[in-house]
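Q: pasted the sequence and its predicted model underneath.
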Amino acid sequence: MHDEPTNAKTRLDVLIVGAGPTGLTLAAQLHRFGARFRIVDRLRDRMQQSRALGVQARSLEILDALGLAHELISRGNPAARIVLHLGRGRTTSVRIDDIGIAGTRFPYILFVSQAETEAVLSEYLERAGVRIERGVELTAFEMGEEDVTCTLRHDDGRVEHVRALYLAGCDGAHSMVRKGAGIPFEGGAYPQSFVLGDVEADGPLEPGALNAFPAREGVALFFPLGHPATWRLIGIEPRALQPSTAGPATLELSLAELQDLADAATGGRVRLRDPAWLARFRLHHRQAATYRAGRAFLAGDAAHIHSPVGAQGMNTGIQDAWNLGWKLALVARGRAAPELLDTYNGERWPIGRYLLRFTDRMFAGVVAITRSRLGTRVRNLLLPPLLRWLMRSRRRRARAFRLVSQLGIRYRRSPLSAEAGAPPAGAPRAGDRLPDATLVRDDGSTTTLQRETAGPGFHLLLCGPPDTWGEAQVTALRERYADLLFVHHISRNPAPGALADQGEAFACLGIRRATHLLIRPDGHVAFRGEDADLAPVTHYLEHWLTVAT
């Protein structure tokens, strides 16, 4: 075994441990901001199977900022219907493509294997010249006042010592970074046993739709997968079919056992064949006590693990990384105040706690209506009219979608969120996600709010006639924060150098008079001012950023 010495000359800004969706997203964000980093993973090959399946609208917006959303969509299935099979051939269905929500170009859940999400992100990094170092394991680390010394073991036995300003643990539920930092992982395990199968299936399944069979004898959900099989079946095993002992986290599963579950849930109406992947597993619901300990940060499953109900886990990890990456990069490069890093835990930990409770409640509801005769009767009698009532109202549809899609996540209480003046009711406030809307450039081509603000840096939107803001003060801001601040004029009417509103942008932004909004690199509103005075936003930038040299 060869032990290489630490090389101070090659100190990194960030060492990322874990190359799943969270680590890959973090690497993409760091690369965009010019940070020096490495990304390592102890597994020699990328996982070809995965439990995560649903990519939410907010994750698609993040991937779109990298130019990857449509590539991933082409590999998945943006399902438009949920079909509930209630027994004796009765069904009720809900469309999820007519939700009555504006402000996003992705008003649906994309069903696609996590392996495809990882492939799209990996290919992006490879094209950018970033090497994902597989077969490299973090075995120990020691935090000092100025950096972290990390011990890496390569699969050929070589041991390497690496120094990094910051260590990012994206290494899953059994995170070495979390354990090494001494961060408690609080929560518990679900008593139920879950099964998963990527299979072909014959029976009363509506193609391209999520088919759900909530039965007292078990729950079976058929997701339209497409690759490597037509369907992914996920179910909660009936007690009678579960292994007699708790056993390890993952147990072997046969096609016959999966068929037994399908029979119990569907009344024998669906036959399974040609399995591409089968697994039995148990799940935990846990959250790290903090997402930061000194120079070590946690994201994704290293920070929180959820019930699979609601498809929140992987998507929350992607948002963790999108929130953390630009902050690490700017502080490491000396372009932002170190206190910026404190906002990561302050913003993301409460979101993780909320989503953990949300998925627990959803899961408890699913179990409740499948564990008793009364629950079954209530489900069959009340669920169809309840769904019709819910979907009849555009407001209720939009509210439900915002919750599940994570479009409604906001950081209004963060120190990073500031306002000058009172925004109109319903307008995006500081801390809210920037909604999307169509704009027209002065050459006649179309674009959108989110596309214009996707570049790495802060984006200042000046909404109103371009001559409202003095050219001298705008130019001074541009020069003071060169390469970190981009200014966009948005006008109701076409004007040279301005983006023209087509009736959507000013409406969704709540613009009633000259207004300016500063957009963070992760697509949330940092500052909102209800007039043409740029002095408050200038003070904001001076507090958080350093001047370009």
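A: Alright, I've got the coordinates.

Q: residue ranges for the helices of the stretch 101-250 of the chain, please.
A: Counting by DSSP state H, counting those that start in this stretch, the stretch 101-250 of the chain has helices at residues 114-127, 176-180.

Q: out of those, which is the most enclosed?
A: Most buried of the helices of the stretch 101-250 of the chain by mean neighbour count (mean count of other CB atoms under 10 Å) is helix 176-180; its value is a mean of 21. In this view, the C-beta of every residue, glycine as well, is placed from N, C-alpha and C.

Q: tell me how many other residues surround the closest residue to residue 223 other than its chain neighbours.
A: The shortest distance from residue 223 to any non-neighbouring residue, by CB to CB, 6 or more residues apart in numbering, is to residue 232 (4.5 Å). Look at residue 232: counted by other CB atoms under 10 Å, it has 23 neighbours.

Q: now do the same contact list for residue 232.
A: With contacts defined as CB atoms under 8 Å, 6 or more residues apart in numbering, the neighbours of residue 232 are 53, 111, 113, 196-199, 222-223, 225.

Q: so what pLDDT did it get?
A: According to the prediction, residue 232 has pLDDT 89.

Q: what bridges to it?
A: residue 198, residue 223 (DSSP bridges).

Q: what separation is there between it and residue 474?
A: Distance, residue 232 to residue 474, by CB to CB, to the nearest Å: 51 Å.

Q: ditto for residue 452
A: 16 Å.

Q: next: residue 66.
A: Taking CB to CB, one finds residue 66 at 28 Å from residue 474.

Q: okay, those two: which has more neighbours?
A: Legend: neighbour count by other CB under 10 Å for residue 66 and residue 474, higher for residue 66 (20 against 16).

Q: count of neighbours near the closest residue to residue 545 other than its chain neighbours?
A: Residue nearest to residue 545 in three dimensions, not counting chain neighbours: residue 336, with 5.5 Å by CB to CB, 6+ apart. Other residues within reach of residue 336, judged by other CB under 10 Å, total 19.

Q: now do residue 341
A: 19.

Q: that one touches residue 292, doesn't it?
A: Yes - the pair residue 341 / residue 292 is scored as a contact, 7.2 Å apart, by CB atoms under 8 Å.

Q: point out where the stretch 51-200 of the chain drops to low pLDDT.
A: Residues of the stretch 51-200 of the chain that meet the criterion pLDDT under 70 lie in 51, 80, 88, 96-101, 190-191.

Q: same thing but at 90, please
A: Across the stretch 51-200 of the chain, the ranges flagged by pLDDT under 90 are 51-54, 75-104, 107-115, 186-196.

Q: can you pull out the strands in it?
A: Taking DSSP state E, counting those that start in this stretch, the strands of the stretch 51-200 of the chain run over residues 54-55, 77-79, 81-87, 90-95, 109-111, 132-134, 136-143, 148-154, 159-169, 185-189, 194-202.

Q: other SSEs contacting the first one?
A: Using 3 or more CB pairs under 8 Å, 6 or more residues apart in numbering; DSSP states H and E, the elements in contact with strand 54-55 are strand 109-111, helix 313-332.

Q: picking that back up, give me whichever of the strands of the stretch 51-200 of the chain is most buried.
A: Among the strands of the stretch 51-200 of the chain, highest average neighbours (mean count of other CB under 10 Å) belong to strand 54-55, with a mean of 26.

Q: direction included, what does it pair up with?
A: Paired neighbours of strand 54-55 in the sheet (DSSP bridges): strand 109-111 (antiparallel).

Q: not counting the partner strand itself, show me its contacts.
A: Residues outside strand 109-111 that contact it (CB under 8 Å, 6+ apart): 53-57, 60, 72-73, 76-79, 96, 210, 223-225, 232, 311, 404-405.

Q: please redo it, this time with the cut-off set to 6 Å
A: Residues outside strand 109-111 that contact it (CB atoms under 6 Å, 6 or more residues apart in numbering): 53-55, 76-79, 223-224.

Q: ok, now stretch 18-29?
A: Here stretch 18-29 has contacts from 16, 39, 41, 66, 117-118, 121, 125, 132, 168, 170-171, 299-300, 314, 317-318, 321, 325-326, using CB under 6 Å, 6+ apart.

Q: please apply the same query to stretch 476-486.
A: With contact meaning CB under 6 Å, 6+ apart, stretch 476-486 is reached by 457-459, 487, 545, 547-548.

Q: what's the answer for stretch 349-357, then?
A: 285, 287, 291, 304, 306, 312, 316, 409.

Q: for residue 433, see how far away the third one is.
A: To tie it back to what came earlier, the one meant is residue 291. For residue 291, the distance to residue 433 equals 20 Å [CB to CB].

Q: kindly report the same for the fifth one.
A: Between residue 306 and residue 433 the distance, using CB to CB, works out to 21 Å.

Q: you'd agree residue 135 is up against residue 44?
A: Yes - using CB atoms under 6 Å, residue 135 is in contact with residue 44, at 4.3 Å.

Q: what about these two, which has more around it?
A: Taking other CB under 10 Å, residue 135 and residue 44 do not tie; residue 135 has more neighbours (14 against 9).

Q: how is this protein divided into domains?
A: Annotated domains of the chain cover 8-74+112-185+287-368, 194-282+375-405, 418-544 [automatic domain parsing].

Q: residue 102: which of these is closest?
A: domain 418-544 (6.3 Å; CB to CB).

Q: ends of that closest one, what's the gap?
A: Terminal residues of domain 418-544 are spaced 12 Å apart (CA to CA, to the nearest Å).

Q: run the chain-centre distance for it.
A: Offset of domain 418-544 from its chain centre (CA atoms, centre = their mean, to the nearest Å): 25 Å.

Q: so how far is residue 340 from residue 24?
A: In terms of CB to CB, residue 24 sits 23 Å off from residue 340.

Q: try residue 541
A: In terms of CB to CB, residue 541 sits 12 Å off from residue 340.

Q: looking at the two, which one has more neighbours?
A: Neighbours per residue, other CB under 10 Å: of residue 541 and residue 340, the larger number sits with residue 541, 22 against 19.
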